[in-house]
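> Okay, sequence plus prediction incoming.
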Amino acid sequence: MKKNYRFSTKCVQSGWKPENGDPRVLPIYQSTTFKYDSTGHVGDLFDLKVPGHMYTRISNPTFEAVENKISDLEGGVGAMLTSSGQSAVLALTMNLCEAGQNFLCSSEIYGGTINLMSAEFSRMGIEVRYFEPKAGVGEAEKLIDENTRFIFGETLANPALTVFDISAYAELAHRHRIPLCIDNTFATPYLCRPFEFGADFVIHSVTKYMDGHASIVGGVLVDGGRFGFTKEKFPQFTEPCESYHGLCFATAFAPAGFIARARCMVMRDLGMTPAPMNAFLLNLGLETLALRMERHCENAMKVARFLESQPKDKVAWVRYPGLASSPDFELAKKYLKNEKGEFIGASGVISFGAAGGRQGAARVMDALKLAAIVVHVADARTCVMHPASGTHRQLSDEQLVRCGVNPEMIRLSCGIENADDIIEDLKQAL
Ligand SMILES: *Cc1c(COP(=O)(O)O)cnc(C)c1O
């Protein structure tokens, strides 16, 4: 009987299950291909009649172990690693949508995802319809029509740091017989498991907390296993697939038809494959996910309270959903909890406004000694970014305010160092 371990035990123990005499640590299967004794066996693999690995573009034992761990952490029925978070969103969309169809997307999401959706998907004939999550499900519902195929939002939005009301949008999606898909990157399954709130499919940029050490770029797609595909909206799951002699993904692989099709069709054809070495490093990072997330939350709570206590001529404002003063505090308490069910913070990222506008922010950043200026967030080392002089530097101050990035905004990603050192660094810089 399989024992259902607690979250931090799963971080260490799930996935790789060595047999008698096998290596204790997950091996890196650095091989493009796998050897079989007969053409008949290879034929059965191609027909998906028997499980096994054929070619690393599609699957690999190192990936498989890490996929099983992540699926276990999220409470899903299967997962598929991808080469980046961007390609996880691509795989998700290609699995659910085709030209002439559309999907709904929260306006509060990661800028890279907006680029992918607005620039690339529109060229493929897939339309993205943005809704303001805080305007309520009624407003989003007006955008749904017979060609809408899914709803997309981020548990904890990067960089807006708002919390998405997963249950409310899951109910809306299911009323229209479409799935709710969640980017759970900033929360990680340690703080939130979207399937428990009705979400159907989850993606991550594992580049952030899941690896946690800023050493790999990667993504993952996770199948919650409960979405009921209908013939009217999703024939690619319910009808016979010519590529595999008339097999139907939804029935042949139930309840993991979504992830089976993602692998056998989307990954096979588009090839957004990770490297075995990266899957190994990801697994190493995941072993400490629970420990690290606890410290990220603890540090961010302390730093956010420190920033909030500063006079307005130093810190103009602070945004962190873990603060009781945050408009998102109630949602944060509902969705973000540790493995004991307690609210300990809203992950490690804070944004705040430095006094003195764009120049003030640049002066504070340049004076920081411990917190490094990097284009990254959500790893073990405290780091800062100034969107107005980096990712959003083409925009005027007016345009910046309109897209929710004030010129004085600093995005601070609290690492797992001693919180007092992070606070002292900020104090001297301010
Ligand atoms: C970084 C990020 C992505 C994109 O992931 P990459 O691994 O950089 O391709 C997607 N979603 C969120 C929330 C992110 O923070």
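Here it is on my side, so go on.

> From here on, just use CA atoms for contacts and neighbour counts.
Will do.

> Wasn't residue 24 part of a strand?
No. Counting by DSSP: H, G, I helix; E, B strand; the rest coil, residue 24 is not found in a strand; it is coil.

> was I right about it contacting residue 13?
No. Residue 24 lies out of contact with residue 13 (CA atoms under 8 Å); the separation is 10.8 Å.

> Residue 220: which element?
Element membership for residue 220, per DSSP states H and E: strand 219-223.

> cool, and residue 114?
helix 111-115.

> after that helix, next one along is what?
Using DSSP H and E, the next helix or strand after helix 111-115 towards the C-terminus is helix 122-123.

> where does the stretch 101-250 of the chain come near the ligand, residue by residue?
Residues of the stretch 101-250 of the chain found near the ligand (CA under 6 Å from any ligand atom) are 110, 113, 158, 185, 205, 207, 217, 218, 219.

> Mark which of these are buried, thanks.
158, 185, 205, 207, 217, 218, 219 (16 or more other CA atoms under 10 Å).

> Relative to the ligand, which residue of the protein is the closest?
For the chain and the ligand, the shortest gap (CA to the nearest ligand atom) falls at residue 85, measuring 3.3 Å.

> Contact partners for that residue?
Neighbour list for residue 85: 203, 204, 205, 206, 207, 217, 218, 219, 220 [criterion: CA atoms under 8 Å, 6 or more residues apart in numbering].

> Excluding chain neighbours, give the residue nearest to residue 81 in space.
Leaving aside its sequence neighbours, residue 81 sits nearest to residue 220 (CA to CA, 6 or more residues apart in numbering; 4.3 Å).

> my read: the one you found touches residue 74, true?
No. Counting by CA under 8 Å, residue 74 is not a contact partner of residue 220; they are 11.3 Å apart.

> pLDDT weak spots in the stretch 51-200 of the chain?
Within the stretch 51-200 of the chain, no range satisfies pLDDT under 70.

> Show the residue spans covered by the helices in it.
61-74, 85-96, 111-115, 122-123, 137-141, 166-175, 188-191 (DSSP state H, counting those that start in this stretch).

> What distance do you get for the residue of the chain closest to the ligand to residue 55?
22 Å (CA to CA, to the nearest Å).

> And for residue 140?
Taking CA to CA, one finds residue 140 at 42 Å from residue 55.

> circling back to that earlier point, would you mind listing the buried residues in the helix holding residue 114?
Residues residue 114 are the ones in helix 111-115 that count as buried (16+ other CA under 10 Å).

> same check, this time on stretch 331-349
Residues of stretch 331-349 classed as buried by neighbour count (16+ other CA under 10 Å): 331-333, 335-339, 343-349.

> Span of it from start to end?
16 Å.

> ok, and does that stretch reach over to the ligand?
No. With CA under 6 Å from any ligand atom as the criterion, the ligand is not reached by stretch 331-349; the gap is at least 10.7 Å.

> I'd assumed residue 152 was in contact with residue 164.
No. Look at residue 164 against residue 152 with CA under 8 Å: they stay out of range, at 10.1 Å.

> can you pull out the strands in the stretch 251-400 of the chain?
Along the stretch 251-400 of the chain, counting by DSSP state E, counting those that start in this stretch, strands occupy 315-319, 349-354, 372-373, 383-385.

> What helices and strands are in contact with the shortest one?
The reference is to strand 372-373. The elements that strand 372-373 packs onto, with contact taken as 3 or more CA pairs under 8 Å, 6 or more residues apart in numbering; DSSP states H and E, are strand 383-385.

> which helices and strands does the strand it packs on pack with?
Under the contact criterion of 3+ CA pairs under 8 Å, 6+ apart, strand 383-385 touches strand 372-373, strand 409-413.

> let's see 10 Å
Applying 3 or more CA pairs under 10 Å, 6 or more residues apart in numbering; DSSP states H and E, one finds that strand 383-385 makes contact with strand 349-354, helix 357-367, strand 372-373, strand 409-413.

> List the pairing partners of that strand within its sheet, with orientation.
strand 372-373 (parallel), strand 409-413 (antiparallel) (DSSP bridges).

> is any part of the longest one close to the ligand?
No. For a cut-off given as CA under 6 Å from any ligand atom, strand 409-413 has no contacts with the ligand; the smallest distance is 11.7 Å.

> Touching the strand or helix carrying residue 427 from outside, list them.
Using DSSP H and E, residue 427 sits within helix 419-429. Defining contact as CA atoms under 10 Å, 6 or more residues apart in numbering, one finds that helix 419-429 is touched by 295-296, 298-304, 306-307, 310, 314, 363-371, 382-383, 414-416, 430.

> Please repeat the previous calculation with a cut-off of 6 Å.
Outside helix 419-429, the residues within contact range by CA atoms under 6 Å, 6 or more residues apart in numbering are 299, 364, 367, 368.

> Nearest residue to the second one in space, please, no chain neighbours.
Nearest in space to residue 364, with sequence neighbours left out and distances taken as CA to CA, 6+ apart, is residue 429 at 5.3 Å.

> which helix is the longest one in this protein?
Ranked by residue count and defined by DSSP state H, the top helix of the chain is helix 289-308.

> quick one on the thing from earlier: pull up the gap between the residue nearest to residue 81 and residue 274, please.
When CA to CA is applied, the distance between residue 220 and residue 274 equals 10 Å.

> from the buried residues of stretch 331-349, which has minimum pLDDT?
pLDDT is lowest at residue 339 among those; the value there is 93.

> Can you list the residue ranges for strands in the stretch 101-250 of the chain?
Under the criterion DSSP E, counting those that start in this stretch, strands of the stretch 101-250 of the chain are mapped to 102-106, 127-131, 148-154, 180-183, 201-205, 219-223.

> Look up how far residue 184 lies from residue 124.
On the measure of CA to CA, residue 124 and residue 184 end up 26 Å apart.

> More neighbours: which of those two?
Legend: neighbour count by other CA atoms under 10 Å for residue 124 and residue 184, higher for residue 184 (23 against 12).

> before we move on, back to that, residues contacting the residue nearest to residue 81?
The contact partners of residue 220, by CA under 6 Å, 6+ apart, come to 80, 81, 82, 88, 203, 204.

> contacts for stretch 92-107?
Outside stretch 92-107, the residues touching it (CA under 6 Å, 6+ apart) are 125-133, 147-153, 262.

> Now that we have those residues, which of them are buried?
For those, a burial check counting by 16+ other CA under 10 Å picks out 126-131, 133, 148-153, 262.

> about what we covered before: okay if I get the residues of the stretch 101-250 of the chain next to the ligand as CSV plus distance to residue 48?
Putting those into CSV (distance: CA to CA, whole Å) gives the following:
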residue, distance to residue 48
110, 36
113, 33
158, 39
185, 31
205, 29
207, 31
217, 30
218, 26
219, 25
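
> Between the residues you listed, which sits nearest residue 409?
residue 158 (13.4 Å; CA to CA).
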